[in-house]
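Trainee: no sequence on this one, just coordinates:
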Ligand SMILES: Nc1ncnc2c1ncn2[C@@H]1O[C@H](COP(=O)(O)OP(=O)(O)OP(=O)(O)O)[C@@H](O)[C@H]1O
């Protein structure tokens with residue numbers, strides 16, 4: 001039923017505290033943001049600080065959705081496509097951060113759609129032609145985006161009641177059926193014709209009539225050129241195919257192994273490849289084929305891999321380049337991929353393009369120092385490769401993936417409270433070790449976040465991407481590394497960034513706090529993804545505001561909410577997270593205090609609960625006021 005569908009829809013949203021009364025015990029028409037009118041359903045989720053994903057697949061299961069509004073929220077990414085909602089009448093997506101081109105067919109078949117509000121987003125490209133085809137369009141507001149090209153001729157049978165395309169990059173002649181008000185078009189440098197005061201040049205390329213003879217000539221030439229290019233491509237493709245087949249034949253006759261990392265990869269004779277003789281392997285190889293390192297790392301040109309520990313299984317650069325590979329992700333520093341070395345280990349290779357802060361000697365020394373670290377909660381560096389333009393760091397592959405995918409993956413987390421506590425304790429121990437080993441580094445980890453916490457088969461965490469701050473180019477580090485998302489990183493005053501007695505900044509502690517809040521709430525800190533601006537304070541601010549409203553129960557992830565005899569300890573961890581996320585650096589705990597408090601935690605509440613931690617209950621209820629600065633970030637209120 002609709003109730004179930006909407007509750008599912010809510011799980012894709014972040015910061016959805018405003019929808020707290022969406023549950024099975026109340027009538028759907030009384031839920032926040034829901035209006036039931038004339039038998040149809042209207043979702044009016046405006047100004048609620050929402051972000052995350054608008055899952056249209058789920059919405060499609062609603063019996064009769066008539067209008068959909070998420071005006072004035074924090075949604076990002078491509079505009080959601082509603083062209084399967086044939087009965088939708090109103091679509092209001094204004095004042096978010098939707099970006100990118102909108103596909104031409106985004107409004108296909110939406111015969112009933114009469115109101116479209118996309119204003120104040122970051123959409124680019126042409127105004128989609130399917131929007132111009134809507135027969136019942138009455139209101140259209142696209143102002144303040146990055147639309148370009150011509151304004152199409154709208155085919156609506158109505159006279160527009162609202163029409164505004166101002167402040168885009170539109171050009172050409174204004175079609176007749178828009179608005180009579182010049183302000184509807186202002187802020188577009190290239191527009192001409194009525195109702196603006198400038199007349200269009202007769203030869204205006206943008207709206208020239210189709211039938212002129214020169215146009216026909218151009219068309220014929222274009223067709224010939226395309227045909228020639230097509231023919232040449234077919235010949236080239238046939239040639240490449242022939243060569244590939246010849247190569248394959250040569251290979252199988254000499255029984256040599258192949259290089260799945262190269263574009264020519266097809267069959268392999270090593271044991272690893274046999275594991276990949278299923279359909280999945282085709283996908284992997286296809287992905288890997290785009291990752292042809294061989295062109296850049298020519299044999300013998302640039303030295304070899306440098307192994308940092310004696311006991312590591314050795315392989316050389318050429319073996320690595322021939323390895324069967326799968327791209328794991330394109331993070332903020334470069335591509336990361338999993339590689340199965342022929343007759344060797346399974347490793348993860350990270351390519352770093354912005355790692356030039358150290359000279360060659362210093363770089364080698366720093367990597368050897370990282371390689372000498374040894375702690376069960378740190379993923380050891382296996383090897384590195386140095387080139388001026390690019391560095392490769394090689395780690396062991398961790399089968400069980402990262403904490404982020406366990407918490408936010410499609411299948412839901414399923415992580416219980418004891419597992420989450422074990423993960424946080426492991427992270428804290430890994431951090432403590434790093435801090436002891438690097439007493440002079442300002443940010444011993446520097447990039448602590450849930451995708452850099454890997455989990456082994458017994459769910460023990462292993463930190464990765466630690467200790468890289470000194471090697472990274474400063475501007476890149478400041479823009480992308482997690483520690484620089486702490487609020488003080490955006491402050492210009494040196495006092496606010498001053499290191500503490502140990503010469504260390506407290507920004508890693510901020511990241512630990514965010515990680516704790518993420519683990520307890522199951523919510524993804526939306527601003528992890530927002531590079532360079534905004535920090536990652538949204539989650540901390542949200543938790544703080546919910547706690548201040550005394551709805552602490554609402555904070556915890558549903559998968560741990562029912563935990564018996566552990567609620568007290570969960571609450572203590574929440575407080576620790578909040579103290580680590582203190583906005584003011586002076587009031588924030590330092591790493592020693594935070595880690596000591598984490599070590600005190602237990603899976604179950606003790607009989608004499610008050611003695612097990614010296615954080616008082618009053619600390620929580622007297623939670624700090626939100627500063628002006630902070631409230632301007634505060635996503636959900
Ligand atoms: N050693 C490893 N074993 C298994 N998975 C890994 C390993 N190292 C990284 N990953 C996973 O590969 C994916 C891509 O990693 P990558 O470092 O490129 O991106 P990221 O961590 O999301 O962002 P960033 O570049 O900011 O660190 C992530 O999901 C990460 O958890």
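Mentor: On my side now, so go ahead. Since this is a predicted model, take the numbers as computed values, not measurements. Numbers count the residues shown, from 1 in each chain.

Trainee: Residue 98: which element?
Mentor: According to DSSP states H and E, residue 98 maps onto strand 97-101.

Trainee: and the closest residue to residue 404 other than its chain neighbours, what does it touch?
Mentor: Once flanking residues are discounted, residue 404 sits nearest to residue 450: 3.8 Å by Cβ to Cβ, 6 or more residues apart in numbering. C-beta coordinates here come from the backbone N, C-alpha and C atoms, glycine included. Residues near residue 450 by Cβ atoms under 8 Å, 6 or more residues apart in numbering: 402, 403, 404, 407, 408, 515, 518, 519.

Trainee: wait, which of these is closest to the ligand?
Mentor: Distance to the ligand across those (Cβ to the nearest ligand atom) is lowest for residue 402, with 3.1 Å.

Trainee: In contact with the closest one, which residues are there?
Mentor: Neighbour list for residue 402: 450, 451, 452, 453, 454, 455 [criterion: Cβ under 8 Å, 6+ apart].

Trainee: near the ligand too, which of the contacts of residue 450?
Mentor: Contacts with the ligand within those, counted by Cβ under 6 Å from any ligand atom: residue 402.

Trainee: Name the weakest-confidence residue in the contacts of residue 450, if you would.
Mentor: Lowest pLDDT within these is found at residue 408 (83).

Trainee: Could I get the contacting residues of that one?
Mentor: Residue 408 makes contacts with 450, 522, 524, as judged by Cβ under 8 Å, 6+ apart.

Trainee: Close to the ligand as well: tell me which of those qualify.
Mentor: Near the ligand, by the rule Cβ under 6 Å from any ligand atom, you find none of the contacts of residue 408.

Trainee: Tabulate those (TSV), appending pLDDT.
Mentor: Formatted as TSV, the contacts of residue 408 follow (pLDDT from 0 to 100):
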residue	pLDDT
450	93
522	88
524	82
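
Trainee: Would you mind listing what in the stretch 451-600 of the chain touches the ligand?
Mentor: So far as Cβ under 6 Å from any ligand atom goes, the stretch 451-600 of the chain lies against the ligand at 451, 452, 454, 464, 465.

Trainee: List the neighbours of the strand holding residue 98 that are in contact with it.
Mentor: With contacts defined as Cβ under 8 Å, 6+ apart, strand 97-101 is touched by 74-79, 118, 121-126.

Trainee: Buried ones among the residues you listed?
Mentor: Listed as buried from the contacts of strand 97-101 are 74, 75, 76, 79, 118, 121, 123, 126; burial here means 16 or more other Cβ atoms under 10 Å.

Trainee: Among these, which one lies nearest to the ligand?
Mentor: Nearest to the ligand among those: residue 76, at 16.2 Å, using Cβ to the nearest ligand atom.

Trainee: Quickly note the distance from the residue of the stretch 451-600 of the chain found nearest the ligand to residue 525.
Mentor: Of the residues in the stretch 451-600 of the chain, the one nearest the ligand is residue 451, at a distance of 3.6 Å by Cβ to the nearest ligand atom. Distance, residue 451 to residue 525, using Cβ to Cβ, to the nearest Å: 11 Å.

Trainee: do residue 95 as well
Mentor: Distance, residue 95 to residue 525, using Cβ to Cβ: 22 Å.

Trainee: Tell me which of those two has more neighbours.
Mentor: Using other Cβ atoms under 10 Å as the criterion, residue 95 and residue 525 rank with residue 525 on top: 26 against 20.

Trainee: what about the nearest residue to the more buried one once chain neighbours are set aside, how many neighbours?
Mentor: Nearest residue to residue 525, sequence neighbours excluded (Cβ to Cβ, 6+ apart): residue 539, at 4.3 Å. Neighbourhood size, residue 539 [other Cβ under 10 Å]: 26.

Trainee: ok so residue 539 is a helix residue?
Mentor: Yes: assessed by DSSP: H, G, I helix; E, B strand; the rest coil, residue 539 belongs to a helix.
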